[in-house]
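Participant: model the structure of this input:
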Amino acid sequence: MKIGLFIPCYINQYYPGVGIATLKLLQKHGFEVDYPTGQTCCGQPLANSGYERYTHYAINHFFTLFRKYDVIVSPSASCILFVKEHLKFQPGHHQKIQELSDFLVEQGLTDYSGTSFPKKVGVLQSCHGLRGLHLGSSTEIVGENGDSTIVKLLHNVSDIQLIGLDRPDDCCGFGGTFSVKEPALSVKMGNDRLDDFIRNGAEVITGTDMSCLMHLEGVIKKQRMPLEVMHFSEIICQE
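Facilitator: Numbering: from 1, shown residues only. Presented below is the predicted three-dimensional model:
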């Protein structure tokens, strides 16, 4: 299995450590991983802003660049969902496209007992990951249950304390360009989300989308809240 590593532009620019942690994890498990240096933005910001007709340039480029790999893996649920929805219309498309936690769970790579993370951790279920990629169970759907992919991975980390939330899958308020067009509403949603984590004793917030965590990190810094954010790959990658 040859993996093409897709690192979204905001991770590349602002959180390169997440890309490095992802690469280390995949290599640790013995996969052959390649990072195509010609990759660009997948086009999601354009689509979110109503210009989806222009995204075919980015999607065509993505398809051409990644078509030689068996699996495309990325530490971003939102970008994976966008690419997944658009590449299925590409003639000759055959690759599997997976978010990192989904890939690790599918491969049975869930034992991280050798990693210690002695902190109280709350999980942010991003909307794209939860409702788009179905990485967990949504509370609005009666009868759904079971842990999300990220919880299955974190459960096996030594010394970690996963805290529960009053509203485990509310939107954080980011929504890509929504946070730019509706900043007041976006920040209010972010504050409401963070209040839940603080109320339940979280020290660290983790998730599958650094974009959502980036939004909450901005509110945390502005409000000087006693919280930090980390992508789940950075937790399970620790020695």
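Participant: longest helix in the chain, please.
Facilitator: Using DSSP state H to assign secondary structure, the helix with the most residues in the chain is helix 183-199.
Participant: pull the CA atoms of it into CSV?
Facilitator: C-alpha atoms of helix 183-199 as CSV (Å, rounded to 0.1, in the frame of the first residue of the first chain):
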residue,chain,number,x,y,z
PRO,A,183,-17.8,37.0,13.0
ALA,A,184,-20.1,38.0,15.9
LEU,A,185,-22.2,34.8,15.6
SER,A,186,-19.1,32.7,15.0
VAL,A,187,-17.4,34.0,18.1
LYS,A,188,-20.6,33.5,20.2
MET,A,189,-20.8,29.9,19.1
GLY,A,190,-17.1,29.4,19.9
ASN,A,191,-17.6,30.8,23.4
ASP,A,192,-20.6,28.6,24.0
ARG,A,193,-18.5,25.6,22.9
LEU,A,194,-15.6,26.5,25.1
ASP,A,195,-17.8,27.0,28.1
ASP,A,196,-18.8,23.4,27.8
PHE,A,197,-15.2,22.2,27.8
ILE,A,198,-14.3,24.4,30.8
ARG,A,199,-17.4,23.5,32.8
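Participant: for it, packing partners?
Facilitator: Secondary-structure packing of helix 183-199 (3 or more CB pairs under 8 Å, 6 or more residues apart in numbering; DSSP states H and E): helix 210-223. Backbone N, C-alpha and C define where each C-beta goes, glycine included.
Participant: which helix or strand lies directly C-terminal to the helix it packs on?
Facilitator: The helix or strand immediately downstream of helix 210-223 is strand 228-231, counting by DSSP states H and E.
Participant: tell me how many other residues surround the nearest residue to T206 once chain neighbours are set aside.
Facilitator: Nearest residue to T206, sequence neighbours excluded (CB to CB, 6 or more residues apart in numbering): F232, at 4.8 Å. By other CB atoms under 10 Å, 26 other residues sit near F232.
Participant: which parts of stretch 21-28 are buried?
Facilitator: Within stretch 21-28, the residues scored as buried using 16 or more other CB atoms under 10 Å are 21-23, 25-26.
Participant: should've said stretch 50-66
Facilitator: Of all the residues in stretch 50-66, those buried under the rule 16+ other CB under 10 Å are 55, 58-59, 61-63, 65-66.
Participant: closest one to V83 out of those residues, please.
Facilitator: Nearest to V83 among those, counting by CB to CB, is F62 at 6.3 Å.
Participant: the closest one and Q39 touch, don't they?
Facilitator: Yes. Using CB atoms under 8 Å, F62 makes contact with Q39 at a distance of 7.2 Å.
Participant: quick check: domain ranges of this structure?
Facilitator: Domain assignment for the chain by automatic domain parsing gives 2-106, 120-236.
Participant: next, the distance between the ends of the longest one.
Facilitator: Distance between the boundary residues of domain 120-236 (CA to CA, to the nearest Å) amounts to 14 Å.
Participant: chain center to that domain, what's the gap?
Facilitator: Distance of domain 120-236 from the chain centroid (CA atoms, centre = their mean, to the nearest Å) equals 10 Å.
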